[in-house]
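In: make a model of this:
(chains A and B)
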Amino acid sequence: MSSILNILKWEFMVRFRSKIFLISLLMPLFILGISIIPAMFIDEGGETEIKVGLINNEKSIDAELKAHMLESYHLSNNEPKYWFFDYPSFAEAEPDLQDKTLDAIVVIPAGILDSAKASFYARSLSNFIVIDDLHDGVAHTVMMKRLTNQGLEIHVAERASKSVRMETFEVSEEGDLTKGNELMIFLGPFFFLFLLVMAVFINGQLLLRSVMEERTNRMVEILLSTVSSRELMTGKILGLGMLGMVQILFYLSMGIGFGLYKGIDIIKFDEMPLLFIYFFSGYFFFAAIYATLGTLFDNEQDAQQTMGIVSIIAMVPLMGSFYFMSNPTALITRILSFVPPMTPFMMILRISSDAAEPWEIIATILLMILSVWGMMVLAGKIFRTALLMYGKRATLPEIWRWIRA
Amino acid sequence: MIQLNYISKFFEEVTAVDSVSLNIEKGDIYGLLGPNGAGKTTTIRMMMGIIEPDAGEIMCNGNLIRQDDRLNFGYLPEERGLYQKQKLKETLQYFGRLRSLSEKGLNSEIDMWLERFNFSNSANRKIEELSKGNQQKVQFILALLHKPEFIVLDEPFTGLDPLNQVLLKDIIQEKREEGVTFIFSTHQMEQVERLCTNICLINKGKVLIDGPLSDVKEKHRKNAVTVRYEGDLSTSELARFIPDHQIENGELTGVLKSSPAEFLEWLNKQVDILSFAQSTPSLEQIFIEEVRAAS
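Out: Below is the predicted model:
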């Protein structure tokens, strides 16, 4: 036992202090950061005024359009967001767009009430919020004009064209209502799944590298003259499992921080114990595979292909996550929840979508305990024999013989 | 005391070790010799508990060897490696702890060995910053650190400069005086002749020779003689003692058929003997001769 503890501490400390660990810890945050931060800015709509060159050949809607835009779109300091400058033609407006006096040009042709077609020009079309605002503004004004032309009064037309909005709420078991945010409803389960996949694979690969290193530098001979192969494997798997815990806790605290900042409940604390149960069962399952792969290959290039196959199995829940979240009780979702390599990932998705029955949770946990036990026994048999094989790659019949031995 | 009783190891169709029996007494410096692929490393690995024998048993101090007994073994494998990115002292601490050294004794023991090997200023350096020879010394410390009763050294001198070879030999002798048993596996015959008390020669998994070094040499002492004389030896009677002889410039060489005493008595009557010498083969000659004969 003390040997396992010593190996666990060593594996944990060696990896914890390494630069690779720091990078692996920050990399997902970095990836998440570069994908979320720009979206947050877009969400805010951009805090700058937009100067629009307007070539309006349909004078009948000119005043209405400008009034509507002035009324509907403001910066946070209540200043108007859109400023319009009239030009007689596109050719005269274009130089001002090029020298950045203007941010955009809108051309409204005569007869737009019938043709229903306007044009938008900008140096780049990436700011879709500006395009949306101007499109909505022109469309609304044209619609109002058509209705008033039919004899409706403006306030009647306004009321008739008002669209319906639906607010969404999530009801908790205690009956509390949380104002829904569709993005976040998807983000929460996805966040958990991403966390689990990252932790399992980062640590699985570290484990593989660690076994491979000790095998190729022959430290394994000194280790095996002191501890049994079972103690060595257990110590390593537990050590890197602890490292995975640290990663998960780090990401969770980041998630909680982000949730608090945005005022959203990303993390549900009552789901935490289940999250850890599925993390550990998933991690142990894959760790047994990765530790074994470490004994079968002499370098990472050779191991890459087999590692790829293992990763793809676990990637299925991640790749199909939006389908599984939208259809958490579909037959395929339920079936995949009972396929051991995918079980932890599928169940994390379903539990955080509140779509797993209690019996399914109990059954999958039992299934994972059995699968992990079976996998560890298999891995132990291969690990013990393959650890000391040098220069010759084990063949499948050989591996089969070791398992039966 | 370690006893190997008829141990065998098979790798599929290959018999790596074939019913090997050895008796290694406390305080012996035991040389395990043999050509490449003879089964030395496999025998050592079984002794160290890294692999299990398929047949036979290994005894330690009179009882079947257990996992706990292995804490009493130190091991320097032939193909060496260390955790290159880790610090010297931390690596030694890790292995000390794995071998159940108490936290208190651990650091004082490490400091003592670091000083002895001139590593005091390198304790916090990464292993990769040390030269190859120095890394080998670190591995030697790893084998000694936990004060084992038995130390197995696989080619301990290769790659060391003469000064460090002397340092290693001094430590081996010191430890031997403390009652530590050493088991060597090496190809360097002159080291074996200088250090070992006993040897065992293995070929193709089988023991060819086993016993105290002096006995082995005595057994292989050849009856090859060289005699320098004055007088005339052109007698057919000489063939009775040395059937296949050569005479050149008053020097007779050949292999004696009779006892040296009988031959000398006869020879003394024929000529004036200036010198008479029997040659003793070197361990290397014994090695080559035995392995060739077995093949």
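In: just the closest residue of chain A to chain B, please.
Out: When distances are taken as CB to the nearest CB, chain A reaches nearest to chain B at A:N217, 2.7 Å away. Where C-beta positions appear, they are placed from N, C-alpha and C, glycine not excepted.
In: and that residue, backbone torsions?
Out: phi -90, psi 10 (degrees, to the nearest 10).
In: helix, strand, or coil at the residue nearest to it when sequence neighbours are not counted?
Out: Counting by CB to CB, 6 or more residues apart in numbering or on different chains, B:G81 is the residue found nearest to A:N217 once chain neighbours are left out, at 2.7 Å. Using DSSP: H, G, I helix; E, B strand; the rest coil, the structure places B:G81 in coil.
In: so for B:G81, what pLDDT did the model give?
Out: Each residue has a pLDDT score; the one for B:G81 is 82.
In: closest residue of the stretch 1-150 of chain B to chain A?
Out: Chain A sits closest to B:G81 of the stretch 1-150 of chain B, with a gap of 2.7 Å, by CB to the nearest CB.
In: contacting residues around that residue?
Out: By CB atoms under 8 Å, 6 or more residues apart in numbering or on different chains, the residues touching B:G81 are A:216-219.
In: which one among those residues gets closest to B:F11?
Out: Nearest to B:F11 out of the contacts of B:G81 is A:R218 (CB to CB; 18.4 Å).
In: any idea which element residue 194 lies in?
Out: I'll assume chain A. Per DSSP states H and E: A:F194 is located in helix A:182-216.
In: um, chain B though
Out: Assigned by DSSP H and E, B:R194 falls in helix B:189-195.
In: in the stretch 301-405 of chain A, where is pLDDT below threshold?
Out: Residues of the stretch 301-405 of chain A meeting the criterion pLDDT under 70: A:390-393.
In: how about 90 then?
Out: A:301-334, A:336, A:339-342, A:344-358, A:375-405 (pLDDT under 90).
In: got the residues of it near chain B?
Out: Remark: the part of the stretch 301-405 of chain A in contact with chain B comprises A:L388, using CB under 8 Å from any CB of the partner chain.
In: all helices in the stretch 301-405 of chain A, in order from the N-terminus.
Out: With DSSP state H, counting those that start in this stretch as the criterion, the stretch 301-405 of chain A has helices at A:321-326, A:331-336, A:343-352, A:358-386, A:396-404.
In: can you tell me which of those helices is packed in deepest?
Out: Mean neighbours per residue, mean count of other CB atoms under 10 Å in any protein chain shown, is largest over the helices of the stretch 301-405 of chain A for helix A:343-352, with a mean of 26.
In: and the contacts of the helix holding B:R194?
Out: B:29, B:31, B:33, B:157, B:169, B:172, B:184, B:186, B:199, B:213, B:282-284, B:287.
In: please repeat the previous calculation with a cut-off of 6 Å.
Out: Identification of contacts with helix B:189-195 by CB atoms under 6 Å, 6 or more residues apart in numbering or on different chains yields B:29, B:31, B:157, B:283-284.
In: repeat that for stretch A:350-364.
Out: Taking CB under 6 Å, 6+ apart as the rule, stretch A:350-364 contacts A:188-189, A:192, A:271, A:274, A:325, A:328-329, A:343, A:347.
In: just to revisit the earlier point, okay if I get the contacts of B:G81 as JSON lines plus neighbour count and pLDDT?
Out: Shown next, in JSON lines, are the contacts of B:G81 (neighbours: other CB atoms under 10 Å in any protein chain shown; pLDDT from 0 to 100):
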{"residue": "A:T216", "neighbour count": "16", "pLDDT": "82"}
{"residue": "A:N217", "neighbour count": "15", "pLDDT": "81"}
{"residue": "A:R218", "neighbour count": "17", "pLDDT": "81"}
{"residue": "A:M219", "neighbour count": "20", "pLDDT": "87"}
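In: beta partners for B:S185?
Out: B:L32, B:D154 (DSSP bridges).
In: now do the contacts for it.
Out: B:32, B:40, B:154.
In: identify the residues contacting the most centrally placed residue in chain B.
Out: Closest residue to the average C-alpha location of chain B: B:G31 at 2.0 Å, with CA atoms, centre = their mean. Contact criterion CB under 6 Å, 6+ apart gives B:184, B:192, B:196, B:199 as the residues in contact with B:G31.
In: from those, which is closest to A:A116?
Out: When the contacts of B:G31 are ranked by distance to A:A116 (CB to CB), B:F184 comes first, at 96.1 Å.
In: excluding sequence neighbours, find me the nearest residue to that closest one.
Out: Distances taken as CB to CB, 6+ apart put B:G31 closest to B:F184, at 4.9 Å, once the chain neighbours are dropped.
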